[in-house]
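>>> Provide a 3D model corresponding to the input given below.
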Amino acid sequence: MVQIFKKHPVRLFAFLIIVLGAGLRLYQLGSIPIGLYWDEIAMLVDVKAILATGNDMHGNSIWQTLFLSYGDYKLPVYIWLATLSGAIFGVSEFSLRFPSFIAGVSTIIIAGLLAQAFLETNITTILPKKKSQLYILGIRIDQLLVLATMVVVSISPWSFMFSRTGFEGHVGQLLLGLSIWLTFKAQQNWQWLWLATLVGILSVYTYFSIRFVWPVTYLLTVLHIIGWPNFSIKKFDFSAITISWKHTLIIMGTLVLFFIGLIPMSRGPYYEQSNAYRLSTNSILKNDEQVLKSNIYRELAGNSSLDRVIFHRQFLTFQELAKNYSDHVNLKTLFIYGDGNLRHSTTKHGLFLLIFLPNFLLGLGWWWNKDWRSASVLIIWWLVALLPASVPEETPHALRSLNALIPVSILIGGGVVAMMSYLTQNSNYVKKIILSAWFLSIFVTSVEFFYYYFVIYPKDSSFAWQDGFKDLAQTAYTVREQNDYKILVTTFDERFFLWMMMYGPYSGQEFQTWEKDGSQFKNFDEVLSNEKDFDLVLTNMINKTILIGTPQVVENFVKNYQLHILETKTVQNSQQTYIVVLVEKSILD
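Got it, this is the predicted structure:
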């Protein structure tokens, strides 16, 4: 390996970037973020049940196309990967997030390979003719682009933070990127398109919104490698695009395969309910409000024919979509504040480090100047990836827009090459100072972000990650240990039962026998959450009983039912205090 690195130092740099990215993503993977979000804990409960029985918490097979989760529905790929991870490492927070860690490291590699693929499509016209301009700091421009893109992804807050959480969208965007890279392989052998399509299908079974992104990005990439290099931007001569009937049939066949591959999902028992659940969220598609606005604006404007066109509800919907798009492409979102949700961003850093803002702007121009065809695919990929994220009202949304991570990183990578090219060609003393200061700034801003993430962010974001719920569940079972006490869970969060299921003394086999209210467990193993049952339990209680909840609610139960407190345990996070109280009937009764 040492000999390989000596002959090919670029490979050494790439290896070091991957090691850096992997190390940062692996460090305290199961501990930071400080707790599991309820989507994560629901998957972990499923993993616990699958490893014990082969079926999920509801008794359904692991080989289903859509999982009935706990109040919602989940696609299967991440659960399959987490189950494999759980079988290797044991069921834990670490094993649940490990597939996302692998996806994060793999994204560094795939982004670099895709940057190379986009550049090599038209490399003969892109690379400078003069040898003096072909190398930057001893590295060839195309190789430098690969390294620059890998660095951008490696230290990007967007990639880094989702590499440490169990969100399906992060694995989905990797599979999307992998599929597009495999599409480029068709330049050597068209049969690669079949594998690219299969990976594309797998990506949709990982994250639902990719079904809108993949077909557009795939077709653009295919057009790019077969036709776009043959005509000029100044003269759209589509007759220059040549493609054999055999290749045409392969392209059509892969598209047919893609849509056939989605049929098992659409015919699954939970597909209609999952669609209804998705559409129930607030979005611009719920146009009742737009109809009302349209009528008001028309009346105020005079209700002329022109007013009815300008203030048509569809036009107002398009305006709302444009506004949501602007939230995602806003430079403040990309480079300063990120997403306002503490599960998706620190809110103190952008999706990319601020130091790369000039490189993003330079990258747009660099790519367009070098190869407008590649630039077009990257920009359209970015914009199409934002469409599913711009339909809901909650914008910007770093998770739903995650499919844009790779193309934006490649654009920034081009800007890094552009800046380094300018500062190293015919460099003088001033340029050397600027280049050194820029490298130092990248180092300083990176260190600041990672310090903030590992030291400050865990405390700042703890409430967003349901911090305390694990301790609360474990404390309740510790108090009940060796005694068959009932546990009454007051209504502070209806999903808290997931933590009771995960961290309770259960193997996972018991879940499938417990009583459910729809997809949610309400009462099991003498653990009750329906307060209608509390009156019967507390009025007629003989043995001791455990109450869980916020202090005020629990104290009200103690007072109203004249209970005597035997033991109190307190669990606290940054915003809320919870107590576990062991009670018995008052002696005065």
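
>>> From here on, just use CA atoms for contacts and neighbour counts.
Will do.

>>> what about this protein, any weak spots by pLDDT?
1-8, 122-133, 227-243, 285-303, 305-313, 316, 587-589 (pLDDT under 70).

>>> Would you map out the domains in it?
2-30+64-459, 469-585 (automatic domain parsing).

>>> now the first one, how far from the chain's geometric center?
This points to domain 2-30+64-459. 11 Å (Cα atoms, centre = their mean, to the nearest Å).

>>> Tell me, how many residues neighbour residue 470?
20 (other Cα atoms under 10 Å).

>>> Would you confirm that it belongs to a helix?
Yes - counting by DSSP: H, G, I helix; E, B strand; the rest coil, residue 470 is located in a helix.

>>> what's near enough to touch it?
By Cα atoms under 8 Å, 6 or more residues apart in numbering, the contact set of residue 470 is 35, 499, 503.

>>> Who wins on neighbours among these?
Counting by other Cα under 10 Å, top hit in the contacts of residue 470: residue 35 with 23 neighbours.

>>> Report the separation between it and residue 85.
Distance, residue 35 to residue 85, by Cα to Cα, to the nearest Å: 19 Å.

>>> so how far is residue 96 from residue 453?
As judged by Cα to Cα, residue 453 and residue 96 stand 20 Å apart.

>>> Settle it for me: which of the two has more neighbours?
Shown here are residue 453 and residue 96; by other Cα under 10 Å, residue 96 has more neighbours (32 against 21).

>>> buried ones in stretch 168-188?
Buried residues in stretch 168-188, defined by neighbour count with 16 or more other Cα atoms under 10 Å: 168-186.

>>> meant to ask about stretch 557-575, not that
Neighbour-count burial for stretch 557-575 flags 557, 558, 562, 563, 564, 565, 570, 571, 572 (criterion: 16+ other Cα under 10 Å).

>>> what about residue 268, is that helix, strand or coil?
Under three-state DSSP, residue 268 comes out as coil.

>>> That one and residue 63 touch, don't they?
No - with contact defined as Cα atoms under 8 Å, residue 268 does not count as touching residue 63 (11.4 Å).

>>> what sits against residue 100?
With Cα under 8 Å, 6+ apart, residue 100 has these contacts: 162, 163, 164, 165, 166, 167, 170, 171.

>>> Filter the residues you listed down to the buried ones and express that as a PyMOL selection.
Listed next is the PyMOL selection for buried residues among the contacts of residue 100, using 16+ other Cα under 10 Å:
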select buried, resi 162+163+164+165+166+167+170+171
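
>>> Let me have the contacts of residue 100 in TSV, adding secondary structure and distance to residue 507 as columns.
TSV is the format used below for the contacts of residue 100 (DSSP: H, G, I helix; E, B strand; the rest coil; distance: Cα to Cα, whole Å):
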residue	secondary structure	distance to residue 507
162	helix	29
163	coil	29
164	coil	26
165	coil	24
166	coil	22
167	coil	25
170	helix	29
171	helix	28
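
>>> Mind picking the two most distant members of the contacts of residue 100?
164 and 171 (11.4 Å; Cα to Cα).

>>> and residue 399, that's in a helix?
No - under three-state DSSP, residue 399 sits outside any helix and is assigned coil.

>>> so how far is residue 342 from it?
12 Å.

>>> same deal with residue 335?
Note on residue 335: its distance to residue 342, by Cα to Cα, is 16 Å.

>>> and those two? which has more neighbours close in?
Taking other Cα under 10 Å, residue 335 and residue 342 do not tie; residue 335 has more neighbours (21 against 17).

>>> Strands along the stretch 301-450 of the chain, start to end?
Taking DSSP state E, counting those that start in this stretch, the stretch 301-450 of the chain contains no strands at all.

>>> where do the helices sit along the stretch 301-450 of the chain?
Along the stretch 301-450 of the chain, the segments classed as helices by DSSP state H, counting those that start in this stretch run 305-310, 313-329, 331-335, 357-370, 372-390, 405-424, 429-451.

>>> For residue 108, find the nearest of the ones you listed.
helix 405-424 (8.9 Å).

>>> between that closest one and helix 372-390, how big is the angle?
With axes from the mean of the first three to the mean of the last three Cα atoms, to 10 degrees applied, the angle from helix 405-424 to helix 372-390 works out at 140 degrees.

>>> Can you spell out which helices and strands pack onto helix 405-424?
helix 93-120, strand 135-136, helix 141-155, helix 357-370, helix 372-390, helix 429-451 (3 or more Cα pairs under 8 Å, 6 or more residues apart in numbering; DSSP states H and E).

>>> make it 6 Å
helix 141-155, helix 357-370 (3 or more Cα pairs under 6 Å, 6 or more residues apart in numbering; DSSP states H and E).

>>> now those helices in a markdown table, with distance to residue 515?
Formatted as a markdown table, the helices and strands packed on helix 405-424 follow (distance: least, Cα to Cα, whole Å):
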| stretch | distance to residue 515 |
| --- | --- |
| helix 141-155 | 46 |
| helix 357-370 | 54 |
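
>>> Please name whichever of these is nearest to residue 244.
Of all these, it is helix 357-370 that lies closest to residue 244, at 28.4 Å by Cα to Cα.

>>> Check which residues of that closest one are buried.
357, 359, 360, 362, 363, 364, 365, 366, 367, 370.

>>> Now do that helix against helix 372-390, angle only.
Using the same axes, to 10 degrees: helix 357-370 against helix 372-390 is 130 degrees.

>>> can you give me the angle helix 357-370 makes with helix 93-120?
Using the same axes, to 10 degrees, helix 357-370 lies at 40 degrees relative to helix 93-120.

>>> Helix or strand: which one has residue 502?
helix 497-503 (DSSP states H and E).

>>> which non-adjacent residue is nearest residue 531?
Excluding the flanking residues, the one nearest residue 531 by Cα to Cα, 6 or more residues apart in numbering is residue 490, at 6.9 Å.

>>> What segments of the stretch 451-589 of the chain are strands?
For the stretch 451-589 of the chain, applying DSSP E, counting those that start in this stretch gives strands covering 486-489, 515-517, 520-524, 527-528, 545-549, 563-572, 577-585.

>>> closest one to residue 444 among the ones you listed?
Closest among the strands of the stretch 451-589 of the chain, using Cα to Cα: strand 563-572, at 34.5 Å.

>>> before we move on, back to that, I'd like the domains of the chain laid out as CSV, including distance to residue 50.
Listed next are the domains of the chain as CSV, based on distance: least, Cα to Cα, whole Å:
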stretch, distance to residue 50
domain 2-30+64-459, 7
domain 469-585, 8
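
>>> For residue 58, find the nearest of those.
domain 469-585 (5.2 Å).

>>> before we move on, the earlier item: make JSON lines from the strands of the stretch 451-589 of the chain and add distance to residue 115 to it.
As requested, these are exported to JSON lines (distance: least, Cα to Cα, whole Å):
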{"stretch": "strand 486-489", "distance to residue 115": "53"}
{"stretch": "strand 515-517", "distance to residue 115": "50"}
{"stretch": "strand 520-524", "distance to residue 115": "45"}
{"stretch": "strand 527-528", "distance to residue 115": "54"}
{"stretch": "strand 545-549", "distance to residue 115": "52"}
{"stretch": "strand 563-572", "distance to residue 115": "47"}
{"stretch": "strand 577-585", "distance to residue 115": "49"}
